[in-house]
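In: dropping a prediction and its sequence here:
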Amino acid sequence: MTRMIRLLGEPAILDAEGRSQPVRGYQAWALLARVMLARAPLDRRRLAEELFPETADPLGALRWCLASLRKALDTSQCLRGDPIERDFPDGITIDIRRVDEADFDVEQAGPLLGGVEPRCSPEFSTWLLVERERIAGVIDARIRRDAIAAIAVGDHGRAVRLAELGARRDPYNESAHVLLVKSLACAGRYEAALRHVEATEAVFADELGVKPSAALRSAARRTVSSPPAGISAVTFVQSLMQSGLAALSAGATDAGIDCLRRAAYDAEKAGDTYLLASATFELGTALVHSVRGYDDEGSVLLRQSTELSRQSGYEGLAASAFRELGYVEAMAGRRPSAAGYLATASEFTRDPDRLAGIHAVIGFNLVDWGRTDEGLAHYALSLDHARSAKNRHREAWSLGLGAWGLLGAGRLDEADRWLAECMKVVEAQRWLAFRPWPVAVLGETRLRQGRDPEALRPLLEEAYALSCQLGDPCWEAAIARVLALTYAATSDLALAAEWLAEARRRCTRDKDAYAALQVEILASQVEIFTAQEDGTLAQTTARDWVSLAAKTHMDHHVARAAAFIAAG
């Protein structure tokens, strides 16, 4: 017996010849999806209440649907008991369980249950909204990952096809269009790339009222740089990289990126594999960390660096590039993809400095995933490695971000200690560009400890001014959110709402936003709107909250947001 359950797209149960088996009613598909995606077996009464709220005999309707599904699956052994156990026999494959498998055809994957909209309870409708967003995020991340990998190995036809699919699935996501333009440019289709840039700019201006960032047009470059006349020596490439990195350290971002682009171009011409892997790594890393809106081009370059490094045995460089890819995915909330990249990074190195960076990003990803204890354990490993390698910047980063995890876990005294250490390192290293983050976390920690909100504001306002000077939207948004919380604590709800609106605007100013921070801002907005007794705005914002939390795998927030929506 061979059957395939398709839940991604128009639902169906197909036999070995691909023939669809009859299943009557939307409720049966809703039931199958609900049981398949549940983390633990569900009892019959709960399912009956969710799926058949208007039926005279909901338990009888549930039994009928289960029998219909067993018949279509040609087995009597599954979907039985109370709670209902799946117990699918060998020979039954389910598309939703195969998304991460190498031979899964992501190009054929549609939304969960396709266009099926069963008439069920509000609780089920909220569940379906959340799961559709979560699974859409998983599929989008798989499309992106496969497209970047295809560019890296020179399979440009597949890269263009996948990038086109990504742009169709999410037409107002600039990252998807950047990846498509980059795929077309890498395939040598420069005119098509420019046409897509112009068309996308027109659509964004008409529909959204804003033009895409400069990253979109930059992705259409014929090469990563124009060549300097007559110079291609390995030593010159190395000097360009050193100059570029020095310029970035000094805050001269444009000059630094230009140097690194020229270094990558000349490294390719020199035919030195290690040099090219190094140059693409440095340029990709710089685009990810130094230029807002360029994470997509940076990811393509980093993925190219991993291929060059692995093929040539440069394992340390491969580890660093996979770490940076993991960071990009974690920032965007594509957590399973981030975990995959970071696991690969860990396989390539035993160097304490590199391990410090890898464990820090693993902790970053896990904490925002809601797996706080695991994440904090990785932050602790990162600190051990950073101190062993005497890398003070990595130490400060893990202390500051780790304190965010401790705050989420309610371990306020520990968070205070980590933040105090972090601030000492930041001051000793004169790392002003990072300082606003620990100040923001410290402000929230002290607020929860019952400190005077007004006394906290001067330090926060100073950090906010610094963030604005740095032009860092994440830091600006983090500080603005905590300032809002101080006003909420003194019942200045109107000012709190204004600061949260500003935090949300700044966090989403560039497309490479920190997803977990966006979710926290939305959660705070719902609390303030509720306190202001604006139920309509609170419910509208809660739907944005649950949608983004589901798409970015922040299950602890999904549960809170879904409960709020259901209670409303």
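Out: Right, received. Where do you want to start? Numbering: from 1, shown residues only.
In: could you use CA atoms for every contact and neighbour count after this?
Out: OK.
In: so after the helix or strand containing Ala330, what's the next helix or strand?
Out: Using DSSP states H and E, Ala330 sits in helix 315-332. The element immediately downstream of helix 315-332 (helix or strand, assigned by DSSP H and E) is helix 335-347.
In: got the angle between that next one and helix 315-332?
Out: Angle between the axes of helix 335-347 and helix 315-332 is 160 degrees (criterion: axes from the mean of the first three to the mean of the last three CA atoms, to 10 degrees).
In: what is the helix holding Ala330 packed up against?
Out: Under the contact criterion of 3 or more CA pairs under 8 Å, 6 or more residues apart in numbering; DSSP states H and E, helix 315-332 touches helix 273-290, helix 295-312, helix 335-347, helix 352-369, helix 515-531.
In: buried set for stretch 504-514?
Out: 504, 506-514 (16 or more other CA atoms under 10 Å).
In: tell me which of those is nearest to Thr306?
Out: Asp512 (21.8 Å; CA to CA).
In: what's the closest non-adjacent residue to the closest one?
Out: Gly293 (5.3 Å; CA to CA, 6 or more residues apart in numbering).
In: tell me, how many residues neighbour the one you found?
Out: Neighbourhood size, Gly293 [other CA atoms under 10 Å]: 24.
In: show me the contacts for Ser213.
Out: 293, 510 (CA atoms under 8 Å, 6 or more residues apart in numbering).
In: run the last query once more with 10 Å
Out: 174, 178, 201, 292-294, 510-511 (CA atoms under 10 Å, 6 or more residues apart in numbering).
In: do I have it right that Arg63 meets Arg44?
Out: Yes - using CA atoms under 10 Å, Arg63 makes contact with Arg44 at a distance of 9.0 Å.
In: common neighbours of those two, please.
Out: In contact with both Arg63 and Arg44: Arg80, using CA under 10 Å, 6+ apart.
In: ok, now which ones touch Leu447?
Out: 441, 453, 456, 482, 485-486, 489.
In: for ChimeraX, write a command that selects the buried ones of those.
Out: Selection of buried members from the contacts of Leu447 for ChimeraX, criterion 16+ other CA under 10 Å:
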select :441,453,456,482,485,486,489
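In: got CSV for the contacts of Leu447, with secondary structure and distance to Leu308 too?
Out: Converted to CSV, the contacts of Leu447 look like this (DSSP: H, G, I helix; E, B strand; the rest coil; distance: CA to CA, whole Å):
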residue, secondary structure, distance to Leu308
Val441, helix, 39
Pro453, helix, 53
Leu456, helix, 50
Val482, helix, 44
Leu485, helix, 48
Thr486, helix, 50
Ala489, helix, 53
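In: a markdown table for the contacts of Leu447, including pLDDT and distance to Met554?
Out: A markdown table is the format used below for the contacts of Leu447 (pLDDT from 0 to 100; distance: CA to CA, whole Å):
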| residue | pLDDT | distance to Met554 |
| --- | --- | --- |
| Val441 | 98 | 19 |
| Pro453 | 96 | 28 |
| Leu456 | 96 | 29 |
| Val482 | 98 | 20 |
| Leu485 | 98 | 21 |
| Thr486 | 98 | 25 |
| Ala489 | 96 | 26 |
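In: of all the contacts of Leu447, which comes closest to Val300?
Out: Once CA to CA is applied, the member of those that ends up nearest Val300 is Val441, at 32.4 Å.
In: what sits closest to the closest one if chain neighbours are left out?
Out: Nearest non-adjacent residue to Val441 (CA to CA, 6+ apart): Trp404, at 6.2 Å.
In: ok, that neighbour - how many residues close by?
Out: By other CA under 10 Å, the residues close to Trp404 number 28.
In: pretty sure it sits against Thr445.
Out: Yes - applying CA under 10 Å as the test, Trp404 and Thr445 come out as touching, 9.0 Å apart.
In: overlap in contacts, those two.
Out: Shared contacts of Trp404 and Thr445 (CA under 10 Å, 6+ apart): 410-412, 415, 419.
In: dump the C-alpha coordinates for the helix holding Ala330 into PDB.
Out: C-alpha atoms of helix 315-332 as PDB (Å, rounded to 0.1, in the frame of the first residue of the first chain):
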ATOM      1  CA  GLU A 315      37.500  24.600   6.600                       C
ATOM      2  CA  GLY A 316      38.000  27.600   8.900                       C
ATOM      3  CA  LEU A 317      36.800  30.000   6.300                       C
ATOM      4  CA  ALA A 318      33.900  27.800   5.500                       C
ATOM      5  CA  ALA A 319      32.900  27.700   9.200                       C
ATOM      6  CA  SER A 320      33.000  31.500   9.400                       C
ATOM      7  CA  ALA A 321      30.900  31.900   6.200                       C
ATOM      8  CA  PHE A 322      28.300  29.400   7.400                       C
ATOM      9  CA  ARG A 323      28.100  31.300  10.700                       C
ATOM     10  CA  GLU A 324      27.400  34.500   9.000                       C
ATOM     11  CA  LEU A 325      24.700  32.800   6.900                       C
ATOM     12  CA  GLY A 326      23.200  31.500  10.100                       C
ATOM     13  CA  TYR A 327      23.200  35.000  11.500                       C
ATOM     14  CA  VAL A 328      21.300  36.400   8.500                       C
ATOM     15  CA  GLU A 329      18.700  33.700   8.800                       C
ATOM     16  CA  ALA A 330      18.300  34.100  12.600                       C
ATOM     17  CA  MET A 331      17.900  37.900  12.300                       C
ATOM     18  CA  ALA A 332      15.100  37.300   9.800                       C
END
